[in-house]
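>>> Need coordinates for the below:
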Amino acid sequence: QELARFEELAATRNRVSLERRNGGRVRHLCSFFQDCKAEFAAAIADDMQDRLFTAGQVICHEGTQHNSLFLIHHGAATVAC
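As a prediction, this is how the structure comes out:
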């Protein structure tokens, strides 16, 4: 529980820092939403949660159904079988 709270705080701090450096909400700068209406992107962004994953940490397992979408704004992820 304590680790989850730390990860949430660290992710939020990272996003706020990026927003300050870029002069606005990083979520709206994501190229994934570049062709969407601003209102749609804002609605999605308002419902997003900041998450922090460390190197080697599993985000999800292949073949497992989820109702989530992960947008990585710093770093990289790989798919492993």
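>>> hey, let's count contacts and neighbours off CA atoms from now on
OK.
>>> ok now stretch 73-81, how far from the chain's centre?
Centre-to-centre, stretch 73-81 and its host chain are 12 Å apart (Cα atoms, centre = their mean, to the nearest Å).
>>> now it: mean pLDDT?
For stretch 73-81, mean pLDDT rounds to 79.
>>> Report pLDDT for residue 27.
53.
>>> From residue 65, how far off is the spatially most central residue of the chain?
Residue closest to the average C-alpha location in the chain (Cα atoms, centre = their mean): residue 71, at 4.6 Å. In this view, residue 71 and residue 65 are 17 Å apart by Cα to Cα, to the nearest Å.
>>> can you check residue 78 too?
For residue 78, the distance to residue 65 - Cα to Cα - is 18 Å.
>>> The longest helix anywhere in the chain packs against which elements?
Secondary structure of the chain per DSSP state H: the longest helix is helix 2-22. Applying 3 or more Cα pairs under 8 Å, 6 or more residues apart in numbering; DSSP states H and E, we find helix 2-22 packed against helix 26-29.
>>> after the helix it packs on, next one along is what?
Counting by DSSP states H and E, the element after helix 26-29 in chain order, helix or strand, is helix 38-47.
>>> which parts of that next one are buried?
The neighbour-count check on helix 38-47 (16 or more other Cα atoms under 10 Å) flags 41, 42 as buried.
>>> what helices or strands is it leaning on?
Helix 38-47 packs on helix 26-29, going by 3+ Cα pairs under 8 Å, 6+ apart.
>>> Helix or strand with the lowest mean pLDDT in the chain?
Using mean pLDDT, DSSP states H and E, the weakest-scoring helix or strand in the chain turns out to be helix 26-29, at a mean of 54.
>>> ok so, going back, quick check: phi and psi on the residue nearest to the centre of the chain?
phi -110, psi 120 (degrees, to the nearest 10).
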